[in-house]
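A.B. asks: Predicted model follows, preceded by the sequence.
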Amino acid sequence: MSESFSLNDILEVLYHGLPLDLSMSGYLSVLPALFLILSIWFNPKAIAKICNIYFSFVLSLITIVSIADIFIYPHWGFHFDSTVFFYLKNPEEAIGSGSATEIFAGILLSAIFISIIYLGYSYIIKRQILKLKIPKSIGKTCLVMIVLMAMLILPIRGGLSVSTMNVGKVYFSDNMFLNHAAVNPHFNLMYSFFKSEDFASQYQFFNKQEAIRIFDELNKQPKNDSIIKLLNTDKPNIIFFILESFSANVANDSLIAPNMNKFAKEGISFKNFYANSFRTDRGLVSILSGYPAHPTTAIMKYPQKTQSLPAIPASLKESGYNLSFYYGGDADFANMRSYFVGSCMICDITSEEEFPLSDRLTKWGVPDQILIDRVYSDLIEKQPKEPFMKTVLTLSSHEPFDVPSKGFDEPFINAVAYTDSCLGSFVDKLKTTELWKNTLIVLVADHCMQSYPSGVDNNSPERFRIPMIWLGGAVKAPADVLDYGSQNDIAATLLSQMNINHSDFKFSKNMFNPDANKFAFYSYVNGFSMVNIDGSIIYDNDKNSIIEQSGDKTLEKKAKAFFQNMYLDLGSR
């Protein structure tokens, strides 16, 4: 790295990286803690011999990973992880990628590292073990030791919050090198073993060339000069509200969501719009990166892959936009922070930690009213530099639906009505400000509620149909969009309205292009579906067969090629 960093940068790296360091230390301390408990009954010298073997193994492993990581990172741009082992099938090629100087330096550093740690272990830890004596009260001592060992779950898990420890939890900067510097390489390697799969070899419906050919024809973006322009400006301020679990059937109900119904009449309403998946982490990537969701995994769990994705916020940042993200819960949940910082280039993140404890009234964090009020107050009081994009992820309509109001007996319906009222209040207030005339509000769900309504199959198109509404003074006139589309199409559709290049979003198509294919695609648990005006198909990968089809018979080939290309692309990142 030729770039220089300040002392403050180094301190920030150490501070933000500490949770992963503590977690890895916790994992490595479990067996020594167990050995200490065994020493209550057995000869300490025997326990010391066992510890010698354990520490020798751990020391060797730590040394290899640490030194390899130091030399691999400058070449690859990401930490030593399980993908390295694919190259060990040809060790001469793996070694050949490093110079003789690097290999010699690696061996020398390994020897120095092992010597220092071994001396510390021999003269500090081992000597203390040998001094241990069998206690008089074996039962009490054993109980205390077991309790202390159990407490290791705190650093291992990363506390008692909803989210567990993950690599993205340490991301804090828009400089990816600093984020990577904060990552513990040993935790990263361990984490990658549980997440690594050979995605590109999965779901081979066609040979690779044929799958790509079908996909390219399906998702082509023909040049067309007559694409309708629905915005008043190329640079509107944008506020994205990503609505937890809002399905079309509740959003379209005027009794449950009167404000959403009003917005649909005032703005641009997409009537045949679908979620790409059934989880928030997948929905976020589909919405902001135009990247369809994989049913068997979530790309957000792989920071080295997500950082290669394009993203609407990152594209807007290149055009001078000021970015921020708001969420009333834990921004580290499901690796969200690494995605927003590394892919979307959003460093201004407001999450539950920025609210007082008195505002964290639910299991998931801050209710939507408090969160949305915070967004409004920041708009008015802080007066962000324009143009800006604010992304807001709601949470009150997530189970267990504990909201501070009661209008409906059904908990989910009651929660949706609550969030709808919060949105109505926000829009009404924003309309009275100067910001309104140059602002575009995008309302879109992250996914549908899987348990409502009852009686609908979890793979049914009805389960995946969601609302999307464009609202605000930047919208020229109200309109209903009847063409089919899904979350991955938002990127190309929005950016094209702003005259911003969207060619990097290979899975996204402009819904306003009259010459583009109009279809929606979604995946459920190990299955997928494609829907257009002429029909639909639902395919189950466990059964390796179609479980439902109507109308257009060509959808089977198109859906399979689209799905296969998703995994080819994931494997290539």
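C.D. replies: All right, it came through fine. Residues are numbered from 1 along each chain as shown.
A.B. asks: Can you give me the buried ones in stretch 356-364?
C.D. replies: Of the residues in stretch 356-364, 359, 360, 361, 362, 364 count as buried by neighbour count, 16 or more other Cβ atoms under 10 Å. C-beta: built from backbone N, CA, C; applies to glycine.
A.B. asks: Out of those, the closest to residue 200 would be?
C.D. replies: Taking Cβ to Cβ as the measure, residue 200 lies nearest residue 364 of the buried residues of stretch 356-364, at 35.4 Å.
A.B. asks: The closest one sits in which helix or strand?
C.D. replies: Using DSSP states H and E, residue 364 maps to neither a helix nor a strand.
A.B. asks: where does it land on pLDDT?
C.D. replies: Note for residue 364: predicted pLDDT of 84.
A.B. asks: cool, and the one 10 residues further on?
C.D. replies: Among the per-residue scores, residue 374 shows a pLDDT of 97.
A.B. asks: Shouldn't it be within a helix?
C.D. replies: Yes: applying DSSP: H, G, I helix; E, B strand; the rest coil, one finds residue 374 inside a helix.
A.B. asks: Tell me which two in the buried residues of stretch 356-364 are the farthest apart.
C.D. replies: Between any two of these (Cβ to Cβ), the greatest distance is 12.5 Å, for 359 and 364.
A.B. asks: quick one: secondary structure of the closest residue to residue 348 other than its chain neighbours?
C.D. replies: Residue nearest to residue 348 in three dimensions, not counting chain neighbours: residue 324, with 4.0 Å by Cβ to Cβ, 6 or more residues apart in numbering. When classified by three-state DSSP, residue 324 comes out as strand.
A.B. asks: Cross-check the contact I'm expecting between residue 324 and residue 349.
C.D. replies: Yes: taking Cβ atoms under 8 Å as the definition, residue 324 is a contact partner of residue 349 at 7.5 Å.
A.B. asks: all strands for this structure, in order.
C.D. replies: 237-243, 268-274, 322-327, 349-350, 388-393, 439-445, 468-471, 479-486, 520-524, 527-532, 535-540, 545-551 (DSSP state E).
A.B. asks: Export those strands as CSV, with columns for distance to residue 170 and mean neighbour count.
C.D. replies: Listed next are the strands of the chain as CSV, based on distance: least, Cβ to Cβ, whole Å; neighbours: other Cβ atoms under 10 Å:
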stretch, distance to residue 170, mean neighbour count
strand 237-243, 24, 25
strand 268-274, 35, 23
strand 322-327, 17, 22
strand 349-350, 13, 20
strand 388-393, 21, 24
strand 439-445, 30, 25
strand 468-471, 34, 26
strand 479-486, 33, 20
strand 520-524, 30, 26
strand 527-532, 34, 24
strand 535-540, 39, 20
strand 545-551, 42, 13
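A.B. asks: Select, out of those strands, the one closest to residue 186.
C.D. replies: Nearest to residue 186, of the strands of the chain and by Cβ to Cβ, is strand 349-350 at 26.5 Å.
A.B. asks: counting contacts, what elements does that closest one pack onto?
C.D. replies: strand 322-327, helix 336-342 (3 or more Cβ pairs under 8 Å, 6 or more residues apart in numbering; DSSP states H and E).
A.B. asks: Quick one: the buried residues of stretch 356-364 as CSV, columns for distance to residue 419 too.
C.D. replies: Putting the buried residues of stretch 356-364 into CSV (distance: Cβ to Cβ, whole Å) gives the following:
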residue, distance to residue 419
359, 16
360, 17
361, 14
362, 12
364, 13
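A.B. asks: If we only consider those residues, which is nearest to residue 388?
C.D. replies: residue 359 (23.9 Å).
A.B. asks: mind listing what the closest one touches?
C.D. replies: 366, 367, 370 (Cβ atoms under 8 Å, 6 or more residues apart in numbering).
A.B. asks: what number of residues lie near residue 542?
C.D. replies: 9 (other Cβ atoms under 10 Å).
A.B. asks: my guess is it contacts residue 528, does it?
C.D. replies: No: under the criterion of Cβ under 8 Å, residue 542 is not in contact with residue 528, lying 11.9 Å apart.
A.B. asks: Was I right to think residue 37 contacts residue 147?
C.D. replies: No: taking contacts as Cβ under 8 Å, residue 37 lies outside contact range of residue 147: 10.8 Å.
A.B. asks: still on that earlier bit, and the strands of the chain: which comes nearest residue 160?
C.D. replies: The nearest among the strands of the chain, by Cβ to Cβ, is strand 322-327 at 18.9 Å.
A.B. asks: Report all helices and strands that the closest one contacts.
C.D. replies: Against strand 322-327 (3+ Cβ pairs under 8 Å, 6+ apart) you get helix 312-318, strand 349-350, helix 368-377, strand 388-393.
A.B. asks: would you turn those into a markdown table with distance to residue 549?
C.D. replies: Formatted as a markdown table, the helices and strands packed on strand 322-327 follow (distance: least, Cβ to Cβ, whole Å):
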| stretch | distance to residue 549 |
| --- | --- |
| helix 312-318 | 33 |
| strand 349-350 | 43 |
| helix 368-377 | 39 |
| strand 388-393 | 35 |
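A.B. asks: Many thanks, have a good one.
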